[in-house]
Structure formats: C-alpha cells, structure tokens
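**Q** build me a structure from this.
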Amino acid sequence: MDLKFNKNEDQNKLKLSEVNHRFAKIKLGGGKSRIEKHHAKGKMTARERISYLLDSDTESIEIGGFAGDGMYEEHGGCPSAGVVIKIGHIQGKQCIVVANDATVKAGAWFPITGKKNLRAQEIAIENRLPIIYLVDSAGVYLPMQDEIFPDKEHFGRIFRNNAIMSSMGITQISAVMGSCVAGGAYLPIMSDEALIVDKTGSIFLAGSYLVKAAIGESIDNETLGGATTHCEISGVTDYKAKDDIDALDTIKNVIGKIGDFDKAGFNQIESNPPRERQEDIYGILPASRADQYDMLEIIKRLVDNSEFEQYKEDYGQTILTGYARIDGWAVGIVANQRKVVKNGKGEMQFGGVIYSDSADKATRFIANCNQKKIPLVFLQDVTGFMVGSKSEHGGIIKDGAKMVNAVSNSVVPKFTIVIGNSYGAGNYAMCGKAYDPRLIVAWPSAELAVMSGKSAAKVLLQIEKASLEKKGEKITPEKEKALFDQIKSRYDNQVSPFYAAARLWTDAIIDPLDTRKWISMGIEAANHAPIQKPFNLGVLQV
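**A** From the prediction side, this is the model:
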C-alpha cells in the first residue's frame, strides 16, 4: 500500500461517511416528534411497515432514498420524497413495496413524490414484479398542484399504470393504513386486492368538511369512508385489519400463495466472492476525478473469482468489454478505461474518452450480449467522445451513433453504475438514465453533468465577462477569479451525486461494496420478465 492509495482511501471513505450521515437524517422523515405522534395513534412508520413486511433473513435495496433532498426547502422540505420504496422478498417472492411516509406533510404528494411513485411502477412493469402499496397519504400537496396534477408524467399516470399492470397480470396489493383521499382513492381500488385498517384507515373522494361545503351533508369521516363502511356496505375493500400488523400479516399470506413466474432464463451458477480484496476499491479510485487509474482493477473487485474474460482486449482500449459473473449471474461488462493507453498505431489515447475504435468495439459487444441473452452492466467514468479534426474526419459521430443505437435497442436488461465522471454524450452512450437501465446507481465519487465543473465554469466565465464588458465594466484579474470561483461553486453543486439522486437521475447513492448486491437483485428482478422482442439495430451506418 503506498501513500497515494492511503490518501485515496481516506478521501473515498470520507465521501461515503457523508452519504451515510445525510441518509441517516433523511430516514427520520418528518422528524422524531412526528414519529412519536404517529406511534401515539397506534401506527407504524413507513420504514417500520416495510421492515416488518420483508423477509428478515434476505437482502433488500432502497430506491430513491435521496429523492427530494435539498428540494422544496421553502415548503419545509420533503425527505425521501415523502415515500419509501424498497425491493425485497416477501415469503420468498421478490416484490417492490411503496409506502407513504405520513410523518412528511401527512404523506402529501410533491412533484418529486409523483416522479418517485412512477419510477416504482416502471420497475414493476419492466420486471413484472408484484407491487405492494402501503397507503397513508393526504393526497396532492395543494400549494404545488400545478406541478403534480395534469401532465402526462404527473399524478394521474399512476392510475393509468395500475390499469396497465392489471392487464399484464402483475400482482398489485394495497393496504390503506391511514388517509386515502380524492384521486388517490383510486389507487387501492385499482389494485387486485385492497385491505383497510380499522379506525385508522379511510377512503373517500371528498372528506367530511368538503362534503359539508359541497352538498350540505353532515357526516364524520369514519362513517363516510372507514373500514366498516367499505368492508360491510360499499364493498370497496376486501379485507378489514384490526391494526398495522394484522394488515401486513394478511399481505404476507396473500403473497405466499402466488404461483411461480415465467422466467427470462438468464444464466446463474453458484456465487463466489472476488478473489481480490473488495475494500481496495477505496484506495484504487482516485480522490480527484481528473486522475487516471486502471478500471480493470475495479472490475476484478466486483466480479466472481475476480475473473473477467476480455473481448477485443487489444482493440479500442479506452472501453473495456468482456464477460464475467456477479453473484453467480452471467453478465457482459462495458466499462470506461481511465488510464492512458496506446492504440494499435502506437498513438496515445486519453483514459475516460470514447474514441471511434472503442465505440465500434462496444457496439459489437452489446450486440453479442443481446444475441446470447446476457444482461449488460455499464461502469461509467467517462468524459465524453474524442473531439478534434482527426476524430471528426475519422467519423467519430458515426461510430458514436452506432454505440448509442446499440444501447437504445438492446433488449437484455441493462444496469448502470456511475463510478466517476458521467459527462455529456458519454453519459448517453454508457447507458445513462435516458436509455432505460433497469437500475442506475452512483458511487459517492460520481459526477453527472454536461461537462466538468472546471470546464463549464471557464465557458460560463467567458460569457459573463463579455456581458459585463459590454456594459462598460472593467474586469480585473481579482474580479475574474472571484467570478470563476462563484460560477464553479454553483456548478459543482449541480454535478454532485446528491443533486442527481435528489432528482431521481439515479436510483441511489451506494457504498461501492454494495454494487454486487444491487446488480444481483436487479438481474433477479429482470428474470421475472421474459424477453418479448428480438434485438434489431434498425438502420445502422456500418
């Protein structure tokens, strides 16, 4: 171990510590006092409900834990977007669970809440996973209704998805464990089966105050839409539970009786840990995003037995491609090589940059994985495609387009790990969020943006200087530096993994040592959904 390794290790562990510290605060939802009030009503919190529901001896992963982080501060914030989503096992069956957090604005829906719920349904649809809704929500957050109500990707899309999933035969079970009002009342009733907790659960299109105002009828909420009403009179719900535990036990019983699923048939054998020490990742990964390192050393610490069978090893070396296993699952890996290499002509190529030959190699490898029905794993640390006259004359745009085409049309499940840089068109070619990875997560070292903070600040500084000089202002070196620092600080905030995760550009910020678990659980989920169409690149300029 050298000094540089130790410095890298310290820096990366500090970044991970910040992730853990911030997430510990987020997990408190609306705070300890609101949790206590929640408990006083005889109710479990969203996280307690999910923890009880999932099998205790199995792994789970949380989707969108940082969603809403740092957003809506003028409204008091919205930790975890006011909803907790986990993929785990119930009675041995992999499911996705969505639980409103009523300690956050009574479970009201902010714009990011809608986006996060739609992400959960997208995962369920893509992977044909059973989905469980634990409902405890006051409905749309009215001060921001214009950003959550009417558009295609807003609140109403959820009920459309309920109907689509029902037609696809995807199991949906809802438990109303608190408020369920207005348009939100359709969600549990559009599920296959609906439960309601006596005395704490209620479902109605309009509460007692609105009923009084609208039609002059005086009625209490329990009589209007409580458990007795909907289980004995309206027939809206299927099961009455005496408390949260009873409701969750009923869900376990129902899930436990579901038949087996058709499988996609992805290859899996017995799992083996990497031979190389996984914790070394912290020391190998540079503290600075500008520094070079050997991505192959990272791969060896992620794959079973540290075995990676390279495809076209000596060609297009700024992208590594090859076959491996992760937790026993066969995978094809496409990774950005971050060290300077020599191509076949003896020319130096920069690490993290996609050249024509590496784009061509990746395109062929992606096609091969589709032919063999092997899931793809993308390890991103990319600054973009190579620029300049030599690259342009060599057809870099055409070769880059071929790679984007292959990623876009891939029919095998794709999983993206943002290890470091994820800049510009490199993000697209390496299966960024716009290219439908089944799961996309970031390490604490990740940066997502059009370009690096330093490069962007230089461009924006020139624009700002030109504008000020046009107004007659003199730009001294001191003022230029102050402007640069101000612009870079603002931009750096936007490239951080927290900014991306808050907006659901990624599903999570994870400890690098959890990467194997995320990929394994992702492929297990994808195995529920047999591939329905052949791989076809369409019109491709060869």
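
**Q** got the buried residues for stretch 426-443?
**A** Using 16 or more other Cβ atoms under 10 Å as the burial criterion, the residues of stretch 426-443 that qualify are 426-433, 435-443. In this view, the C-beta of every residue, glycine as well, is placed from N, C-alpha and C.

**Q** cool, and stretch 138-157?
**A** Buried residues in stretch 138-157 (16+ other Cβ under 10 Å): Ala138, Gly139, Val140, Tyr141, Met144, Ile148, Phe149, His154, Phe155, Gly156, Arg157.

**Q** what is the nearest of those residues to Ser51?
**A** Ala138 (23.3 Å; Cβ to Cβ).

**Q** for the closest residue to the closest one other than its chain neighbours, give its distance to Cys180.
**A** What sits nearest to Ala138 in space, not counting adjacent residues and going by Cβ to Cβ, 6 or more residues apart in numbering, is Ala106, at 3.9 Å. Computed as Cβ to Cβ, to the nearest Å, the Ala106 to Cys180 distance reads 12 Å.

**Q** same deal with Asp249?
**A** 20 Å.

**Q** more neighbours: which of these two?
**A** Cys180 (30 against 14; other Cβ atoms under 10 Å).

**Q** the more buried one: what secondary structure?
**A** In three-state terms, and counting by DSSP: H, G, I helix; E, B strand; the rest coil, Cys180 is strand.

**Q** beta partners for it?
**A** Ser137, Ile203 (DSSP bridges).

**Q** tell me who's in contact with Ile281.
**A** Asn12, Ile298, Arg301, Pro512, Leu513 (Cβ atoms under 8 Å, 6 or more residues apart in numbering).

**Q** same thing with Gly424?
**A** Thr383, Gly384, Phe385, Val450, Met451.

**Q** so which of the buried residues of stretch 138-157 is the closest to Glu74?
**A** Nearest to Glu74 out of the buried residues of stretch 138-157 is Met144 (Cβ to Cβ; 10.5 Å).

**Q** is it true that the closest one touches Ile112?
**A** No: assessed by Cβ atoms under 8 Å, Met144 is found out of contact with Ile112, at 10.0 Å.

**Q** any shared contact partners between the two?
**A** Between them, Met144 and Ile112 share the contacting residues Tyr72, judged by Cβ under 8 Å, 6+ apart.

**Q** just put the contacts of Ile281 in JSON lines and tack on secondary structure and neighbour count.
**A** JSON lines is the format used below for these (DSSP: H, G, I helix; E, B strand; the rest coil; neighbours: other Cβ atoms under 10 Å):
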{"residue": "Asn12", "secondary structure": "helix", "neighbour count": "21"}
{"residue": "Ile298", "secondary structure": "helix", "neighbour count": "26"}
{"residue": "Arg301", "secondary structure": "coil", "neighbour count": "21"}
{"residue": "Pro512", "secondary structure": "helix", "neighbour count": "22"}
{"residue": "Leu513", "secondary structure": "helix", "neighbour count": "14"}
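
**Q** Throw the residues you listed into TSV and include distance to Gly216 and pLDDT, thanks.
**A** What follows is the contacts of Ile281, written out as TSV (distance: Cβ to Cβ, whole Å; pLDDT from 0 to 100):
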residue	distance to Gly216	pLDDT
Asn12	65	97
Ile298	68	98
Arg301	69	98
Pro512	62	98
Leu513	62	98
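
**Q** from these, which single one is nearest Ile396?
**A** Nearest to Ile396 among the contacts of Ile281, with distances taken as Cβ to Cβ, is Ile298, at 26.0 Å.

**Q** show me what contacts the closest one?
**A** Listed by Cβ under 8 Å, 6+ apart, the contact partners of Ile298 are Ile281, Ile284, Leu285, Ala335, Leu379, Ile419.

**Q** can you check Thr45 too?
**A** So Thr45 contacts Gly29, Ile35, His38, His39, Asp101, Thr103 (Cβ under 8 Å, 6+ apart).

**Q** what about the strands in the stretch 101-250 of the chain?
**A** In the stretch 101-250 of the chain, the strands defined using DSSP state E, counting those that start in this stretch lie at 131-137, 172-181, 193-197, 202-204, 239-241.

**Q** repeat for the stretch 251-400 of the chain
**A** 309-310, 319-326, 329-336, 341-342, 348-349, 353-354, 376-382, 384-385.

**Q** Lys199 reaches Gly226, doesn't it?
**A** Yes: between Lys199 and Gly226 there is a contact at 7.1 Å, judged by Cβ under 8 Å.

**Q** more crowded one of these two?
**A** Relative neighbour count places Gly226 above the other of Lys199 and Gly226, with 22 against 14, counting by other Cβ under 10 Å.

**Q** the more buried one reaches Val197, doesn't it?
**A** No: counting by Cβ under 8 Å, Gly226 does not reach Val197; the two are 9.7 Å apart.

**Q** which element is Val84 on?
**A** Element membership of Val84 [criterion: DSSP states H and E] is strand 83-90.

**Q** alpha carbons of that strand, in CSV - could you do that?
**A** Below are the C-alpha coordinates for strand 83-90, written out as CSV (Å, rounded to 0.1, in the frame of the first residue of the first chain):
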residue,chain,number,x,y,z
VAL,A,83,-42.5,7.9,0.2
VAL,A,84,-40.2,4.9,0.9
ILE,A,85,-39.6,2.3,-1.8
LYS,A,86,-37.8,-1.0,-1.4
ILE,A,87,-37.2,-4.1,-3.5
GLY,A,88,-37.0,-7.2,-1.3
HIS,A,89,-38.6,-10.6,-0.6
ILE,A,90,-42.0,-11.4,1.0
